[in-house]
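1. build me a model from this:
(4 chains)
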Protein chains: 4
Amino acid sequence: MIASTSPQKLEAGAKSLKKTALITAIKTPYLAGGKFDLRAYDELLDSQIQNGVGGVIVGGTTGEGHLMSWDEHIMLIAHTIHSFGDRIMVIGNTGSNSTSEALHASEQGFAIGMHAALQINPYYGKTSTTGLRAHFSAVLAEGPAIVYNVPGRTGQDIPDDIVMELAAHPNFLGMKECTGNDRIASYTARGVNCWSGNDDEAHGARHGAGAAGVISVTSNLIPGLFDKLMNGPADPELAASLNELIQWLFCEPNPIALNTALAMNTYPTAGRCA
Amino acid sequence: MIASTSPQKLEAGAKSLKKTALITAIKTPYLAGGKFDLRAYDELLDSQIQNGVGGVIVGGTTGEGHLMSWDEHIMLIAHTIHSFGDRIMVIGNTGSNSTSEALHASEQGFAIGMHAALQINPYYGKTSTTGLRAHFSAVLAEGPAIVYNVPGRTGQDIPDDIVMELAAHPNFLGMKECTGNDRIASYTARGVNCWSGNDDEAHGARHGAGAAGVISVTSNLIPGLFDKLMNGPADPELAASLNELIQWLFCEPNPIALNTALAMNTYPTAGRCA
Amino acid sequence: MIASTSPQKLEAGAKSLKKTALITAIKTPYLAGGKFDLRAYDELLDSQIQNGVGGVIVGGTTGEGHLMSWDEHIMLIAHTIHSFGDRIMVIGNTGSNSTSEALHASEQGFAIGMHAALQINPYYGKTSTTGLRAHFSAVLAEGPAIVYNVPGRTGQDIPDDIVMELAAHPNFLGMKECTGNDRIASYTARGVNCWSGNDDEAHGARHGAGAAGVISVTSNLIPGLFDKLMNGPADPELAASLNELIQWLFCEPNPIALNTALAMNTYPTAGRCA
Amino acid sequence: MIASTSPQKLEAGAKSLKKTALITAIKTPYLAGGKFDLRAYDELLDSQIQNGVGGVIVGGTTGEGHLMSWDEHIMLIAHTIHSFGDRIMVIGNTGSNSTSEALHASEQGFAIGMHAALQINPYYGKTSTTGLRAHFSAVLAEGPAIVYNVPGRTGQDIPDDIVMELAAHPNFLGMKECTGNDRIASYTARGVNCWSGNDDEAHGARHGAGAAGVISVTSNLIPGLFDKLMNGPADPELAASLNELIQWLFCEPNPIALNTALAMNTYPTAGRCA
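-> Below you'll find the model as predicted:
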């Protein structure tokens, strides 16, 4: 069990996290009135653990963290740590486009025992390269973090030279990179740890481009198959067989289709009506 | 004095707002400790009014509203209405990528007397076209609004057919459109009111593409010249002479250069250090 | 119109407020879902003004301000100023048992144009006399204020020597004193402005003990009679005739009976169900 | 380790908590800038556990919870559970004078693993006996709770008949009673579990009036002696010897003297400057 926030424990956790091949950007189920459905959430988490998932991002865009108040968000991270933190790595999405909010949330997240943070660049407001450096060096000082690059959402790519600088930071665990396997291969060739943020490219990222694995949406639905895809040997046939599901899951901006799939299969009101 | 939220007054204000050619996305000056510098803000507002500006967007991206807590944001709108609401149109940026936050903030903004809202599509989280319709029809029901399209920040363009639907809503005042004058011309040809969101294209938008005017960043610095550019006759020479300043103002993501310019000229600590 | 927060205007307002004999601790009507019923509120305010009420406390205990979030509370003050601030004095209950919350709320209240604040001593947490001095000198620095002493709610009486010190502060407007007319007479004899906080003693306070008037609950229901009681000559017969209603209104902790009375007479869901 | 919020675990915890004789209303140490000093807090907790303390109230009035934002408060409970929840019973002070805030905070507290809640009656705002019933039956439904009666702070005594009703609720763990040992003896004679809330009467409560023990302020400073006093046999000599310290600790409203004592002995900035 990861017992506390002692530097030794955090470092051991970070080391183990770097090699975790399958991390799920976990969905947040909701009750009809808008509250979290923690019973459904706990079932989902338990099933993830039993099917080989090694870590979860709590309150990512898949989990609709951008629609939560911070107190809800921190509570969900605390709940996850409390109930599952000795069985799975818990990465809180305590990033924000406001540096001060990211600092506050990350500080709180580490105080309640999360193993690592997911840190995004300032989306929507955007910033200069000087601003990117200032933002990331501030938030990385709070604790171990995965840096998230998704220009299709943020409107701003984190450039190569900034990534290479961040990679030298002792709290840098790796990139969640959504711009494709060429970029990932270029990073891993220079020793930068990476996870693919694209499910349809995950097999190639892991078995071709040197990625540690994937931070996946699809593994909410089929954790066991993604475990095989990431933790087993290269298996292009399996990868190909998953393609149709993955295409469907991204037919609308995520997590719309995922919410639909979970609502059809398991939870009556999977998406937040807000 | 704009006395209240009575439907008649709101409607009269909306009618007048639709023809307001020069609206400034007003900067928020800060004190060193992070609080608003309301004295500097009031000087800036007063100077805007005296130099022909007809409206202000309060807490837009230029005003760094995305870095404010909602209570600060609403307070700033209330302060602006209270101190200047009888001399200038006050448009609160009460939009959000969370529909429920946008609803709450817009309801509060109209309760405290703002003349109109600026409404953005759900950036970063993004949504389907069904989601766009649901989001905008919810927030437009709160009161008169300008709809803001800036795919370079949001990661998602508001498509033509959605705009044409929104334009039929009685509370729709027009688009703040950042994708260029061709799009604006196409909208205005079909009777859709527009403001350009790009200062370097404002002259062409106003005098060529049928736009009502501009929602401007540069007018924080040179309101009188922008008044001439928008409320005077076409003046390509004047437009050309402003180009160098405008280019410089957008050398980094706005409002970085504007903060610098204002800090150099007027206010010691213009940008929020957060 | 009270145009802004300029020191001259605030001072003029403060001077006029000191002599305002009838101030209502205004009730907040609610819709069934828990939101403010601003339509009912506006009707209530309008009727208050038409019946001779000179000022309102917004979000006092009668208005259930302690059950509002601060953003709701500030919004209600802003709404009141915006819609009625040129016809009635608006005193925001921006006090708190947390000094930092009282400071933040009072600063916001003055920035949006409230004429004065109501400041309470730190209830529940309580403090030392040194703490009382520190709390009140901090909040009085924000702007004109009425200091509120109600030991039956706070668990701690503001002692005589602290009141005499506060009375020397330029922003001190007077005491809202709930401990009876002997105390009030003792204060007014030494030049300390006072309002009675007890409706059943209001006539004696005003016409016998030297009080400026009353901050009243009952005037929500019968503003005209309280206007006569406070702004007319001494009228013991009138005072006696109101006694039964007043006794009934305080049969349970206020505002329970007032909510009931208003719900029976005017508003379907007067009390906050929370 | 208390692993989760399963009903069985909660019930087992509740059963054990009922017999916990020494519970500390734990102090919250602060850094100079106003943030929690979690390092000092952890040292204090560790020392409490090593000296025989069986439970802690997190964010009570002694811990200045009424000066925390809810997100800070919940975070502190989560931190305490995460770091010490397998070694000590953690009771979150998630009560409030607002029923809806108490419900929200208590729900969050149980979701993050707290063993029980401390629930206060609505102070300052006060309520009717009908209101007391409604408030307590709502919050007791959230999970195991100690009910706190301290009329010197709340301005309203929880009367005998309400207590007898609450005592029948399956989630009722007992009273924290501050009105003296006669009342406690009267309750315990009728089977109502009680802790004294007065350190100077703790020995009599435990060894004479049938109380389970004490919820103590003084045990922040001398946990070992209070362990002996509560968990050992009656020892009037020891009790008498502690009297002088206890008197001093309550020379000003708690936690002023405690903050001073801890600042003098251990922590440079023990009290919150806010």
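
2. so which residue of chain A lies furthest out from the middle?
-> Farthest-out residue of chain A from its mean C-alpha position, per Cα atoms, centre = their mean: residue A:33, at 26.5 Å.

3. grab the most central residue of chain A for me.
-> residue A:57 (3.9 Å).

4. and that residue, that's in a strand?
-> Yes. Counting by DSSP: H, G, I helix; E, B strand; the rest coil, residue A:57 is found in a strand.

5. so it makes contact with residue A:23?
-> Yes. Residue A:57 is within contact range of residue A:23, at 6.4 Å (criterion: Cβ atoms under 8 Å). Heads up, the C-betas are built off the backbone N, CA and C, glycines and all.

6. what is in contact with these two at once?
-> Residues touching both residue A:57 and residue A:23 (Cβ atoms under 8 Å, 6 or more residues apart in numbering or on different chains): A:91, A:215.

7. so residue A:28 versus chain B, what's the distance?
-> Using Cβ to the nearest Cβ, to the nearest Å, residue A:28 is found at 13 Å from chain B.

8. does that residue count as helix, strand or coil?
-> Looking at residue A:28 with three-state DSSP, the answer is coil.

9. residues near it, how many?
-> Around residue A:28 there are 27 other residues, counting by other Cβ atoms under 10 Å in any protein chain shown.

10. could you do the one 4 residues further on as well?
-> The burial metric for residue A:32, expressed as a neighbour count using other Cβ under 10 Å, is 9.

11. helix, strand or coil for it?
-> Strictly by three-state DSSP, residue A:32 counts as coil.

12. pLDDT score for it?
-> What the model reports as pLDDT for residue A:32 is 87.

13. same check, this time on residue A:1
-> 28.

14. ranges for the strands of chain A?
-> Along chain A, counting by DSSP state E, strands occupy A:22-25, A:55-58, A:89-92, A:116-120, A:145-149, A:172-177, A:194-196, A:213-216.

15. what lines up beside the last one in the sheet?
-> This means strand A:213-216. strand A:22-25 (parallel), strand A:194-196 (parallel) (DSSP bridges).

16. to residue C:102, which of those strands lies closest?
-> strand A:22-25 (42.0 Å; Cβ to Cβ).

17. quick revisit: residues contacting the residue nearest to the centre of chain A?
-> A:23-26, A:63, A:91-93, A:118, A:215.

18. doesn't residue A:198 make contact with residue A:180?
-> Yes. Counting by Cβ under 8 Å, residue A:180 touches residue A:198, with 7.3 Å between them.

19. compare the two and say which is more crowded by neighbours.
-> residue A:198 (21 against 15).

20. show me what contacts that one?
-> So residue A:198 contacts A:178, A:180, A:205 (Cβ under 8 Å, 6+ apart).

21. how does it look with 6 Å?
-> residue A:178 (Cβ atoms under 6 Å, 6 or more residues apart in numbering or on different chains).

22. tell me what residue A:216 is bridged to.
-> Bridge pairing for residue A:216 - DSSP bridges - gives residue A:24.

23. who touches it in this structure?
-> By Cβ under 6 Å, 6+ apart, the neighbours of residue A:216 are A:24, A:199, A:226.

24. what's the PyMOL syntax to select whichever of those are buried?
-> Typed into PyMOL, the next command selects the buried ones out of those (criterion: 16 or more other Cβ atoms under 10 Å in any protein chain shown):
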select buried, chain A and resi 24+199+226
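
25. leaving out the residues flanking it, which one is nearest to residue A:239?
-> Leaving aside its sequence neighbours, residue A:239 sits nearest to residue A:203 (Cβ to Cβ, 6 or more residues apart in numbering or on different chains; 3.7 Å).

26. per-residue confidence for the one you found?
-> Residue A:203 is given a pLDDT of 98.

27. my guess is it contacts residue A:238, does it?
-> No. Between residue A:203 and residue A:238 there is no contact under Cβ atoms under 6 Å: 7.7 Å.

28. between the two, who's got more neighbours?
-> residue A:203 (23 against 14).

29. next one: the more buried one relative to residue C:139, how far apart?
-> According to Cβ to Cβ, to the nearest Å, residue A:203 stands 63 Å off from residue C:139.

30. likewise residue A:74?
-> Distance from residue A:74 to residue C:139, by Cβ to Cβ: 30 Å.

31. neighbour count winner among those two?
-> Shown here are residue A:74 and residue C:139; by other Cβ under 10 Å, residue A:74 has more neighbours (29 against 24).

32. and residue A:213, how far is that from residue A:193?
-> For residue A:213 relative to residue A:193 (Cβ to Cβ), the value is 10 Å.

33. hang on, I meant residue A:206
-> Taking Cβ to Cβ, one finds residue A:206 at 12 Å from residue A:193.

34. separation between residue A:77 and residue A:112?
-> Computed as Cβ to Cβ, the residue A:77 to residue A:112 distance reads 6 Å.

35. hang on, the earlier thing: please name the bridge partners of the residue nearest to the centre of chain A.
-> Bridge pairing for residue A:57 - DSSP bridges - gives residue A:25, residue A:91.

36. pLDDT score for it?
-> Residue A:57 is given a pLDDT of 98.

37. tell me where the stretch 151-274 of chain A has helices.
-> Along the stretch 151-274 of chain A, counting by DSSP state H, counting those that start in this stretch, helices occupy A:151-154, A:160-166, A:181-189, A:202-207, A:223-231, A:236-249, A:256-265.

38. the fourth one: how far from the chain's middle?
-> Going back to what we said before, that points to helix A:202-207. 17 Å (Cα atoms, centre = their mean, to the nearest Å).

39. hang on, isn't residue A:224 packed against residue A:51?
-> Yes. If you go by Cβ under 6 Å, residue A:224 and residue A:51 touch, sitting 4.2 Å apart.

40. show me what from the stretch 101-250 of chain A comes close to chain B.
-> Proximity of the stretch 101-250 of chain A to chain B (Cβ under 6 Å from any Cβ of the partner chain) is limited to residues A:123-128, A:152-153, A:155.

41. and those residues, which two are furthest apart?
-> Maximum distance among these (Cβ to Cβ): 20.7 Å, for A:128 and A:152.

42. burial of residue A:192, as a residue count?
-> 21.

43. and it, its phi and psi?
-> Phi and psi for residue A:192, reported as degrees, to the nearest 10, are phi -90, psi 120.

44. for residue A:231, which residues are in contact?
-> By Cβ under 6 Å, 6+ apart, the neighbours of residue A:231 are residue A:21.

45. now render the contacts of residue A:216 as a markdown table, adding pLDDT.
-> A markdown table is the format used below for the contacts of residue A:216 (pLDDT from 0 to 100):
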| residue | pLDDT |
| --- | --- |
| A:24 | 98 |
| A:199 | 98 |
| A:226 | 98 |
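
46. what's the closest of the contacts of residue A:216 to residue D:13?
-> For the contacts of residue A:216, the nearest to residue D:13 is residue A:24 (30.7 Å; Cβ to Cβ).
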